[in-house]
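In: Take a look and give me a structure for this.
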Amino acid sequence: MFFLRGIIEIPIIGSDELFLWGVWASIRDEVFDEIESCWELEGREKRFGPYKGRLANSLSTYPETLNLKVKIVLQPMGARPLFVLEDDQHTLTQQQKSGITQQEAAELASFLHHCDGLRFGRS
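Out: Take a look at the predicted model:
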């Protein structure tokens, strides 16, 4: 088993900003090998994937997130893979699809300001 660093994007309602979680996914050996083989290829996002993995983090502000199924979507060179959650019943998956308010994003950022994996950005 290997681990891959990626991003969960949460839209911020009424804004072009995203709340970004920097997280890890556990992946199978053969998935790691394929991603590694294309990591420095231009256009990799169009030719490889998506892949399956499991979230390898417990995010304390949500019900248990460890081992949630994720679809791993490669992004252009220089960008981390995008993790799309697949459990429609989970709060984090619902937020990934529907977004959070600016107030909720500010509260999360305030609570987690010390986390390395937290940042805001544009898609």
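In: shaky segments in the protein?
Out: For the chain, the stretches with pLDDT under 70 are 113-123.
In: do that again at 90, thanks
Out: Applying pLDDT under 90 to the chain picks out residues 60-61, 107-123.
In: quick one, strands of it?
Out: 2-11, 17-27, 51-55, 69-73, 82-85, 118-122 (DSSP state E).
In: Make TSV from those and add distance to W39 and mean neighbour count to it.
Out: For every residue, glycine as well, the C-beta is placed using N, CA and C. Output for those, formatted as TSV (distance: least, C-beta to C-beta, whole Å; neighbours: other C-beta atoms under 10 Å):
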stretch	distance to W39	mean neighbour count
strand 2-11	10	19
strand 17-27	13	20
strand 51-55	13	20
strand 69-73	13	19
strand 82-85	15	20
strand 118-122	21	12
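In: Could you dump the ones you listed into a markdown table with distance to I100 added?
Out: Converted to a markdown table, those look like this (distance: least, C-beta to C-beta, whole Å):
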| stretch | distance to I100 |
| --- | --- |
| strand 2-11 | 6 |
| strand 17-27 | 6 |
| strand 51-55 | 18 |
| strand 69-73 | 19 |
| strand 82-85 | 14 |
| strand 118-122 | 12 |
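In: F111: which of those is closest?
Out: Of all the strands of the chain, it is strand 118-122 that lies closest to F111, at 9.6 Å by C-beta to C-beta.
In: which residues touch the spatially closest residue to A25 that is not a sequence neighbour?
Out: Excluding the flanking residues, the one nearest A25 by C-beta to C-beta, 6 or more residues apart in numbering is G53, at 3.6 Å. Residues near G53 by C-beta atoms under 8 Å, 6 or more residues apart in numbering: 4, 25-27, 31, 69-70, 72, 83.
In: Tell me the spacing between G53 and R28.
Out: 8 Å (C-beta to C-beta, to the nearest Å).
In: so F83 bridges to which residues?
Out: For F83, the beta-bridge partners under DSSP bridges are I72.
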